[in-house]
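J.: I'd like to go over a predicted model; first the sequence, then the structure.
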Amino acid sequence: MSDSTVKSTEEKSLNFIEQIIEEDLRAGKHDGRVLTRFPPEPNGYLHIGHAKSICLNFGVAQKYGGATNLRFDDTNPVTEDTEYVESIKNDVQWLGFQWANEFYASDYFDQLYEFALQLIQKGLAYVDDSTSEEMATLKGTPTEAGTNSPYRSRSIEENLDLFTRMKNGEFAEGSRTLRAKIDMASPNMLMRDPILYRIKFAHHHRTGDKWCIYPMYDFAHGQSDSIEKITHSVCTLEFVPHRELYDWCIENLAIFPSKQYEFSRLNLTYTVMSKRKLLKLVNEQHVNGWDDPRMPTLSGMRRRGYTPEAIREFCERAGVTKNSQLIDISLLEFCVRDHLNKIAQRRMVVFDPLKVVITNYPEGQTEMCQSENNPEDLEGSGTRTMPFSREIYVEQEDFMENPPKKYFRLAPGQMVRLKSAYIIRCDEAIKDADGQVVELHCSYIENSKSGNDTSGINVKGTLHWVSVAEAVAIEVRQYDRLFKVEDPSSEEGDFKDYLNPDSLTVVTAYAEPALANATLEDKFQFMRKGYFCLDSDSSTDKLVFNRTVGLKDTWQKEANK
RNA sequence: UGGUGGAUGGUGUAAUGGUAACACAGAAGAUUUUGGUUCUUUUAUUCAGGGUUCGAGUCCUUGUCCGCCAACCA
């Protein structure tokens, strides 16, 4: 067996979550059952960081024959909305995952209330009349123990009565809370009698006005996991300090022992990932909404033309650890190109037109040229035709009057291949009064047509082109990185100071006729330009395209030397 | 500061006491009717000190640096 065969049959190493699951499986825990959950709060749009969590949670469940619940953590009615619920469901499905059950923390409000009553009865929770300021001062600091609230020693009966009345709406918002009675001297600040319930006279997107008390995250999340019998509750590292409380609630309620495991969140260079910052970009109109193609949101990436396959591959390559990761955006772009290269239809589009007149081609004549839709998938994608005529457009940058060495494009006397058409020779550059080249006169080699070239001429360069008469004018939106620096969040001052002012460039370009039939689902490669997709802003009389990502450009590097 | 999580090429990940490897990025070349793709080659890595061991990226210890926690947010 050769080395390469050995390598290809080697098993890919497991990430630490998979290792935990396999150990549990070996130990016969939960009868070999694996149930995970993806628990977003419906207060914003999903981004690439969530994609990692989705791929992990759904991925391990799939791998070990389990299932995943989608659970909306909707315990704070003030910030949450149905609009977000819909977008989140849409994004998860688009990414390619299907949940076993759609649940809401609010489904469990009755049960959670019962749990709270149990804790009170066990003498493990009490109603506190302190204001939030009073509570903050009594809480102590990491180095000094806190002091007990004066209300901590209330009787079980009084607590039961007060809590019931809290629920019945007898007390003003902010006047009372239900707190766990744990340890005001705990080194873990979260264990210093955490608030379990607070009063909010707010309309909930699902339960309406039924409740005026709402559980805090820590009193809802673990119990929700437990109610659903989640076996592996996987979340991000900032919840590590919550685990002690997560376990405390489960233990004292004596309910199903779900376990929490934490991994590090994903960050990308040249963008920001926090919901707060993304919201700011939207609200202050630095971008055009949550689905602006420059946003790291899934809806933005979808609109930009990124595929679910590419995003899943990226998450897979990013890996799962506890190290903080700031991943180079070029890895994501690699995954996007890699997938798009296999599936994108090739089209010719000229961005910055320079008219070429083929002087020895008959005036008024048009012939069709056949061109493959995708050289990576010749059979599956077939071919299309495009018109060739006496007047065509090529890119301005594909002509130089005084070319440097290794410039394989048009220059006086130099020959190139027009992709899928003829070889032409540049005879003359026509200039305007300012000396700008406005037109090229070329001659074509009659027996050099693609497919039956008998000319015997070999040229180094092949250009994309469109016939002037049939060219379709389109709008192209070219995106660049949103920020000028790798990690805007770690820079001095306001992160918005580091926005890239040139993150969006709009141009009119000229496309071959076949592009006019584009649909929103299509993925294109504009040859020698990059990958593009139709934008939803398009109308019947104006097609708008987004540049998903450019092609690798090794000539640019050569030219800069 | 008390607690807590972390530190392996530029970036991310692997090596579970036994030759520090893979991918991206970078560089060089070949092929190419896309200066794309593909292929070949290549540069570069264990935070520091001490200890255990025949052997340490891995274990112990001290230190350094980074992240998170003191919301009636999640």
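T.: Perfect, I can see it now. Numbers count the residues shown, from 1 in each chain, chains lettered A, B, ... in the order given.
J.: all helices for the stretch 201-350 of chain A, in order.
T.: A:217-227, A:243-253, A:275-283, A:298-304, A:308-318, A:329-343 (DSSP state H, counting those that start in this stretch).
J.: give the buried residues for the first one.
T.: Taking 16 or more other C-beta atoms under 10 Å as the neighbour-count basis, helix A:217-227 is seen to contain the buried residues A:217-227. The way it works is simple: take the backbone N, C-alpha and C, and place the C-beta from them, glycine included.
J.: okay if I get those residues as a markdown table plus distance to RNA strand B?
T.: Shown next, in a markdown table, are these (distance: C-beta to the nearest atom of the strand, whole Å):
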| residue | distance to RNA strand B |
| --- | --- |
| A:Tyr217 | 3 |
| A:Asp218 | 7 |
| A:Phe219 | 8 |
| A:Ala220 | 7 |
| A:His221 | 7 |
| A:Gly222 | 12 |
| A:Gln223 | 13 |
| A:Ser224 | 10 |
| A:Asp225 | 12 |
| A:Ser226 | 16 |
| A:Ile227 | 15 |
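J.: ok, of those, which one's closest to A:Tyr261?
T.: Proximity of these to A:Tyr261 (C-beta to C-beta) peaks at A:Asp225, which lies at 11.5 Å.
J.: give the contact list for the closest one.
T.: Residues near A:Asp225 by C-beta atoms under 8 Å, 6 or more residues apart in numbering: A:37, A:233, A:258, A:260.
J.: how about A:Pro404?
T.: The neighbours of A:Pro404, taking C-beta under 8 Å, 6+ apart as the test, are A:Ala559.
J.: centre of the chain to stretch A:212-223, how far?
T.: Centroid displacement of stretch A:212-223 relative to its chain, using C-alpha atoms, centre = their mean, to the nearest Å, is 29 Å.
J.: brain fart, stretch A:239-246
T.: Mean C-alpha position of stretch A:239-246 versus that of the full chain (C-alpha atoms, centre = their mean) differs by 27 Å.
J.: got the end-to-end distance for it?
T.: 10 Å (C-alpha to C-alpha, to the nearest Å).
J.: quick one: average confidence on it?
T.: The average of the pLDDT scores along stretch A:239-246 is 97.
J.: residues making contact with it?
T.: The set of residues external to stretch A:239-246 that reach it, using C-beta under 8 Å, 6+ apart, is A:180, A:188-191, A:194, A:217-218, A:221-222, A:233, A:260, A:262.
J.: can you check stretch A:48-60 too?
T.: Against stretch A:48-60 from outside (C-beta under 8 Å, 6+ apart): A:17-18, A:21, A:34, A:36-38, A:40, A:46, A:66, A:68, A:91-92, A:95, A:97, A:99, A:232, A:234-236, A:263, A:265-268, A:273, A:296-298, A:301, A:311-312, A:314-316, A:318, A:320, A:332.
J.: filter these down to the buried ones, ChimeraX style.
T.: Selecting the buried subset of those in ChimeraX, with 16+ other C-beta under 10 Å as the burial test, is done by:
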select /A:17,18,21,34,36,37,38,40,46,66,68,91,92,95,97,99,232,234,235,263,265,266,267,268,273,296,297,298,301,311,312,314,315,316,318,320,332
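J.: by neighbour count, which of the contacts of A:Asp225 wins?
T.: The residue in the contacts of A:Asp225 with the most neighbours, by other C-beta atoms under 10 Å, is A:Arg37 (28 neighbours).
J.: surely that one meets A:Arg71?
T.: Yes. Contact criterion C-beta atoms under 8 Å: A:Arg37 and A:Arg71 qualify, at 5.1 Å.
J.: overlap of the contact sets of those two?
T.: A:103, A:228.
J.: would you reformat the contacts of stretch A:239-246 as CSV and include pLDDT?
T.: Output for the contacts of stretch A:239-246, formatted as CSV (pLDDT from 0 to 100):
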residue, pLDDT
A:Ala180, 98
A:Asn188, 95
A:Met189, 95
A:Leu190, 96
A:Met191, 97
A:Pro194, 98
A:Tyr217, 98
A:Asp218, 98
A:His221, 98
A:Gly222, 98
A:Ser233, 98
A:Gln260, 97
A:Glu262, 97
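J.: let me have those in a markdown table, adding distance to A:Leu418 as columns.
T.: Shown next, in a markdown table, are these (distance: C-beta to C-beta, whole Å):
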| residue | distance to A:Leu418 |
| --- | --- |
| A:Ala180 | 75 |
| A:Asn188 | 70 |
| A:Met189 | 70 |
| A:Leu190 | 68 |
| A:Met191 | 73 |
| A:Pro194 | 71 |
| A:Tyr217 | 63 |
| A:Asp218 | 67 |
| A:His221 | 62 |
| A:Gly222 | 66 |
| A:Ser233 | 60 |
| A:Gln260 | 62 |
| A:Glu262 | 57 |
